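Student: How does the following fold in three dimensions:
(one chain, ligands or ions: 2)
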Amino acid sequence: MVKRVIAIAPGKIILHGEHAVVYGKKAIACAIDATITIELCATDDNCVSFHLPNVLCQKDALKIKIESLKELLVRCQSIGRIESNILDWHEKIKEFVASTLIFNGNENKLLNLALSSCLFAYMKILVLDGQCNFPSVFVKIESNNLPLGAGLGSSAACSVCLATTMLVHAGIIHPKENDQGITLDDNVLEKINETALMLEKLLHGNPSGIDNAISTYGGAVVYHNGKISHISSLPSLQFLVVNTGIARNTKSLVSSVKSKMTDFPEVVCNIMQAIHEISVQAEGILRDVEKSHSQNHEMDLKKLKELLKMNQHLLQSIGVSHPKIDEICKIAEENNFSCKLTGAGGGGCAIVMFDEATEQINSLINELNKRGFKNWKVKLGCKGVQLKQIAK
Ligand SMILES: Nc1ncnc2c1ncn2[C@@H]1O[C@H](COP(=O)(O)OP(=O)(O)O)[C@@H](O)[C@H]1O
Ligand SMILES: C[C@@](O)(CCOP(=O)(O)O)CC(=O)O
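Tutor: Ligands and ions are numbered 1, 2, ... in the order given. Presented below is the predicted three-dimensional model:
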């Protein structure tokens, strides 16, 4: 069994198609230079330990005795097989976390969710699929400039890293090591993506799969009905990410859109279709640039800017914007830039599109700083999941 494994996976921005993608429409996403790292080490203390510095402000790892996990497995198995009872197993694990692990009697929802998905991954991948007989492990999850719960795909990056480290530790996938480092072939990536999607279902209910796909494969992708196609070169576009600082939860935003769909199906279906058409138009422009067919860079930019603005209005009409997002969009527009929310919305982050050549972006940055909005330029099209180290 592998003694130590480290995986790193990126977050993302969704250019177009969030929410609509849940209803089978097209979306475009790019991996960004903000990541999650997970380190998994074999230990010999008869415990499973989780060190989650971004959700739990304490120096030491949280230790769970293997004995209590064995009892938990028996309770879960009384429900039925894990494959057909995933959500019920997850509920049992959440109950276990709430009753045995939460400190000072303060129930902490974020910590509970993070720990219960880690424990679910442990049970499913290591104990059941990998038949590893309750190995003692230490798992550390750390964000590298990827804010949690801000629409930049931190949960998918966590799920992808959890899947990768545990699948390697269990000996279910076998990455190849050569002079170039550690490589993950197509079959291995497919297994990681599929396992990460299962973990995302625990956190999000009914995820479209776009977040785990972009975190697994990286680059820039068009996602449609579970299929991805890569965009190999992006025009000289840049994005500024602006954080509202407003915490939100993807699962509840997706379900608020679902209620609107149930109440007004004709209206909301048409809005989703309009978002789809925006993704189609934007893809067309990006594909032309990719094939060097485009002659008019300025016109492309103008159209991409217009599409971004239109999409923001559509997302606002289904109730997933936020007064802070609207404020950021207004500041951007006053400075002649286009802006939209990215990810589930309801707070979280907005993206502002700009051309490499635009100098005016600095005055926008100053204005955003003055108003207290944290913002930074992101690199697009970064690598998907990578293994940094395997020690046998
Ligand atoms: N650094 C981290 N450490 C532990 N868990 C994390 C971390 N980042 C994200 N998560 C997990 O991802 C969840 C956030 O998911 P979500 O609300 O969808 O936000 P996002 O848009 O960033 O994906 C958290 O509840 C937690 O379970
Ligand atoms: C709203 C949605 O389209 C994207 C959610 O992104 P995030 O969790 O906010 O990073 C949901 C999904 O695609 O499953």
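Student: May I see the buried residues of the helix ranked longest in the chain?
Tutor: The helix that spans the most residues within the chain, counting by DSSP state H, is helix 265-290. Neighbour-count burial for helix 265-290, with 16 or more other C-beta atoms under 10 Å as criterion, is recorded at 268, 271-272, 274-283, 285-286, 289-290. C-beta here means a position set from N, CA and C on the backbone, and glycine is covered the same way.
Student: Stretch 24-40 now?
Tutor: Neighbour-count burial for stretch 24-40 [16+ other C-beta under 10 Å]: 25-40.
Student: That stretch vs ligand 2: in contact?
Tutor: No - Stretch 24-40 stays out of contact with ligand 2 when judged by C-beta under 6 Å from any ligand atom, the minimum separation being 6.9 Å.
Student: would you say Leu368 is within a strand?
Tutor: No - note on Leu368: no strand contains this position according to DSSP: H, G, I helix; E, B strand; the rest coil, which reports helix.
Student: Which residue, other than its chain neighbours, is closest to it?
Tutor: Closest residue to Leu368 in three dimensions, ignoring its sequence neighbours and counting by C-beta to C-beta, 6 or more residues apart in numbering: Asn375, at 4.9 Å.
Student: Please identify the helix or strand for Pro147.
Tutor: Remark: Pro147 resides in no helix or strand, with elements defined by DSSP states H and E.
Student: Beta-bridge partners for the closest residue to it other than its chain neighbours, please?
Tutor: Distances taken as C-beta to C-beta, 6+ apart put Asn243 closest to Pro147, at 6.3 Å, once the chain neighbours are dropped. Under DSSP bridges, the beta-bridge partners of Asn243 are Cys349, Lys374.
Student: Check what pLDDT Asn243 gets.
Tutor: As predicted, Asn243 sits at a pLDDT of 98.
Student: so it makes contact with Asn375?
Tutor: Yes - taking C-beta atoms under 8 Å as the contact criterion, Asn243 and Asn375 are neighbours in contact, 7.0 Å apart.
Student: give me the low-pLDDT residue ranges for the stretch 251-392 of the chain?
Tutor: 293-295 (pLDDT under 70).
Student: Compute the number of surrounding residues for whatever residue of the stretch 201-350 of the chain ends up closest to ligand 1.
Tutor: When you check the stretch 201-350 of the chain against ligand 1 by C-beta to the nearest ligand atom, the closest residue turns out to be Thr250, at 3.5 Å. Around Thr250 there are 24 other residues, counting by other C-beta atoms under 10 Å.
Student: From the contact counts, what lies against the longest helix of the chain?
Tutor: Under the contact criterion of 3 or more C-beta pairs under 8 Å, 6 or more residues apart in numbering; DSSP states H and E, the helices and strands touching helix 265-290 comprise strand 4-16, strand 27-42, strand 220-224, helix 250-263, helix 297-317.
Student: and the angle from it to helix 250-263?
Tutor: Orientation note: helix 265-290 sits at an angle of 120 degrees relative to helix 250-263 (axes from the mean of the first three to the mean of the last three C-alpha atoms, to 10 degrees).
Student: is helix 265-290 up against ligand 2 anywhere?
Tutor: No - residues of helix 265-290 are not located near ligand 2 by C-beta under 6 Å from any ligand atom, the shortest gap being 10.2 Å.
Student: For the remainder of this discussion, apply numbering that starts at 10.
Tutor: I'll keep to 10 as the first residue from here, and by that count the last item is helix 274-299.
Student: dump the residue contacts of the nearest residue to Tyr32 once chain neighbours are set aside.
Tutor: By the measure of C-beta to C-beta, 6+ apart, the closest residue to Tyr32 outside its immediate chain neighbours is Met281, 5.0 Å from it. In this structure, Met281 makes contact with 28-29, 32, 34, judged by C-beta atoms under 8 Å, 6 or more residues apart in numbering.
Student: Same question for His331.
Tutor: 253, 255, 257, 350, 354-356.
Student: The residues you listed also near ligand 1: which ones?
Tutor: With respect to ligand 1, and counting by C-beta under 6 Å from any ligand atom, no part of the contacts of His331 is in contact.
Student: can you tell me which of the contacts of Met281 lies nearest to ligand 2?
Tutor: Distances from ligand 2 to these, taken as C-beta to the nearest ligand atom, are shortest for His28 (4.8 Å).
Student: any idea how far ligand 1 is from the closest one?
Tutor: In this structure, His28 lies at 13 Å from ligand 1, with C-beta to the nearest ligand atom, to the nearest Å as the measure.
Student: What is the neighbour count of the nearest residue to Lys74 once chain neighbours are set aside?
Tutor: In space, not counting the residues next to it along the chain, Lys74 is nearest to Cys56; the distance is 5.8 Å by C-beta to C-beta, 6+ apart. As a burial measure, Cys56 scores 19 neighbours (other C-beta under 10 Å).
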